[in-house]
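Participant: The sequence isn't on hand, but the structure is:
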């Protein structure tokens, strides 16, 4: 095998005319990184670099103040008081998902659900009809999902949305 020729640097190879103008000089990146680290450790003064963190802080401050939750008046349904719509949705959702299907609600649950339907549902009169015998969680005949159902005194049934009630109670 032939030996590869060794190329030794010459003065011509190291002149500025052959080195691109934007090529980094060896060690300059380390110096720049060290300078940034020193600036981060130094106390902020009134120069332009010190204003940057304030600008970032000002940009983030509205984000922390904007998503402030609106204040609601508490809503009392029977023995239970709800401070926020989220509390009410959580409670009614828990009943919907945990109660045995086709079983009458107990007295406590009825004391919460009945005033919710009567006072807040847009179609309360139609839903109540001849009167309320009981409330149950049933499977919706069309959607095959759990739903609140009012059992009327005449034996007929009607489903209703607790979410519509929440929207009225917490506008």
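Facilitator: Arrived safely, thanks for sending. Predicted model only: the values in this text are computed from it and were never measured.
Participant: how about the helices of the protein, start to end?
Facilitator: 28-41, 48-65, 85-98, 107-120, 124-128, 162-169 (DSSP state H).
Participant: which of these has the lowest average pLDDT?
Facilitator: Within the helices of the chain, confidence is poorest for helix 48-65, with a mean of 54 (mean pLDDT).
Participant: Quick check: residue 79 touching residue 112?
Facilitator: Yes. Here residue 79 reaches residue 112: they are 7.2 Å apart, a contact under CB atoms under 8 Å. The way it works is simple: take the backbone N, C-alpha and C, and place the C-beta from them, glycine included.
Participant: Distance-wise, check residue 126 relative to residue 142.
Facilitator: Distance, residue 126 to residue 142, by CB to CB, to the nearest Å: 18 Å.
Participant: picking that back up, quick one: which of residue 79 and residue 112 has more around it?
Facilitator: residue 112 (20 against 9; other CB atoms under 10 Å).
Participant: list the contacts for that one?
Facilitator: 77-80, 91 (CB atoms under 8 Å, 6 or more residues apart in numbering).
Participant: Buried only: go through these for me.
Facilitator: 77, 80, 91 (16 or more other CB atoms under 10 Å).
Participant: With distance to residue 157 as new columns, can the residues you listed be given to me in TSV?
Facilitator: Below are those laid out as TSV (distance: CB to CB, whole Å):
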residue	distance to residue 157
77	22
80	24
91	23
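Participant: ok, the residues you listed vs residue 117, which is closest?
Facilitator: Closest approach to residue 117 among the buried ones among the contacts of residue 112 (CB to CB): residue 77, at 9.8 Å.
Participant: any idea how far residue 72 is from residue 145?
Facilitator: Taking CB to CB, one finds residue 145 at 28 Å from residue 72.
Participant: Check residue 88 too.
Facilitator: When residue 88 is compared with residue 72 (using CB to CB), they lie 10 Å apart.
Participant: how many neighbours does residue 140 have?
Facilitator: So residue 140, with other CB under 10 Å, has 12 neighbours.
Participant: Just to check, it is in contact with residue 158?
Facilitator: No. Using CB under 8 Å, residue 140 is not in contact with residue 158; the gap is 11.4 Å.
Participant: Look at residue 88 and residue 72 and report which has more neighbours.
Facilitator: The neighbour count for residue 88 versus residue 72, taken as other CB under 10 Å, is higher for residue 88 (25 against 16).
Participant: The more buried one contacts residue 170, correct?
Facilitator: Yes. In this structure residue 88 lies within contact range of residue 170 using CB under 8 Å: 7.0 Å.
Participant: Are there residues contacting both of those two? Which ones?
Facilitator: Jointly contacting residue 88 and residue 170 under the rule CB under 8 Å, 6+ apart are residue 75.
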